[in-house]
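Q: Here's a sequence, model it:
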Amino acid sequence: MRIGVAATPEVAIPTMEWLLHSGHYLNLVISQPDRAAGRGLELKASPVSLWAIGKGIPLLRPESPSELIEALSDLDLVLTIGYGVLLPQEILDLPRHGFINLHFSLLPAYRGAAPVQRAIEHGESISGVTVFQLDKGMDTGPIYSSATLEIAPEWRTSELMEVLSTMGPQVVNEALTAIEKLIPPTPQAGSSSLAPKISKNEAKILWSDSARTTLNRIRAFFPAPVAWSLFRGDSFKITYAELSHASVNPGEIAVIDSDVVVGCGEGTAISLLTVVPAGKKEMNAKDWARGARLSRGELLG
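A: Okay, here's the model as predicted:
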């Protein structure tokens, strides 16, 4: 089949690499326009755009979906992976077999922009990937294929996303085979849930929450927007932590047997492993604590 891929993030690349050697034809890559990023606000291409340029594959970065009309009419199918743009039905109907989407959850659970983050935040032990037919709804189309994965308790969003991305080729291959054989997709069934995008304000830690809730949020919000609190009036990010058996007041920082412990609600606590103090790079929490010269009873929050 003549296939286009509409994608933006790095997690799309394993599936795109597979498509190059799959027996199908990757005729077009569509990604979001270059965006201003960094302190200098210089224009930066998406990881998928850079990949397409490096492979010499035709690349479109449309400002409007209407710019796709001419380019899609000659394709059999378009696969979307984290493209980040809702497309109108008249665009979805242009390729011979329409659009399919590789989604990083077991639909209908966690429909939306942040399925991996929300699954970890809510303490899920199982995740997976789903390929479904795109329609005008938010991740509501019928399913062609899926695969399940157990979430390791220490994984953050970055680690889980990396593993899920490697599962993409398998489920996309199954979906393409079904489409070629004219096997119809299956309507979604079961309880649905939403996975809205996470704001920076939402990532602020509430030390009255239990240690388990706090730890899940730290895991979920890495690498972006990163769970944070305040230390001496400045932003203080926590990138990696684990549960602690210590007893410390909520928000209080204590160094116990060389572990940097912070109290949480319900008489629980976490141990900080890596942190990002204001104006500094990520560092070991023990090194930070030594340099900070903590006072007894000092707080985060």
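Q: Please, where are all the helices along the stretch 201-301 of the chain?
A: With DSSP state H, counting those that start in this stretch, the ranges of helices along the stretch 201-301 of the chain come out as 211-220, 285-292.
Q: Ile69: which of those helices is closest?
A: For Ile69, the closest of the helices of the stretch 201-301 of the chain is helix 211-220, at 38.2 Å, according to CB to CB. Placement of C-beta: from N, CA and C, glycine included.
Q: Which neighbouring elements make contact with that closest one?
A: Packing contacts for helix 211-220, counted by 3 or more CB pairs under 8 Å, 6 or more residues apart in numbering; DSSP states H and E, involve helix 115-121, strand 234-244, strand 269-277.
Q: Give the buried residues for it.
A: 211, 213-220 (16 or more other CB atoms under 10 Å).
Q: could I get the helices of the stretch 201-301 of the chain as TSV with distance to Thr8?
A: TSV is the format used below for those (distance: least, CB to CB, whole Å):
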stretch	distance to Thr8
helix 211-220	20
helix 285-292	33
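Q: still on that earlier bit, which one of the buried residues of helix 211-220 is nearest to Ala119?
A: For these, the nearest to Ala119 is Ala220 (8.0 Å; CB to CB).
Q: And the pLDDT for the nearest residue to Leu28 once chain neighbours are set aside?
A: Spatially, and ignoring its direct neighbours in sequence, Leu28 is nearest to Gly4 (4.0 Å; CB to CB, 6 or more residues apart in numbering). Here, the pLDDT recorded for Gly4 equals 98.
Q: Tell me if I'm right that Gly4 and Asn27 touch.
A: Yes: using CB atoms under 8 Å, Gly4 is in contact with Asn27, at 6.1 Å.
Q: Common neighbours of those two, please.
A: Counting by CB atoms under 8 Å, 6 or more residues apart in numbering, the contacts common to Gly4 and Asn27 are Leu75.
Q: if you count what's nearby, which of these two comes out ahead?
A: Higher neighbour count among Gly4 and Asn27: Gly4, with 26 against 16, using other CB atoms under 10 Å.
Q: If you count neighbours, what's buried in stretch 155-162?
A: Buried residues in stretch 155-162, defined by neighbour count with 16+ other CB under 10 Å: 155-157, 159-161.
Q: For the closest residue to Ala119 other than its chain neighbours, give me phi and psi.
A: Among residues not flanking Ala119 along the chain, Ser127 sits closest, at 5.3 Å (CB to CB, 6+ apart). In terms of degrees, to the nearest 10, the main-chain angles of Ser127 are phi -140, psi -170.
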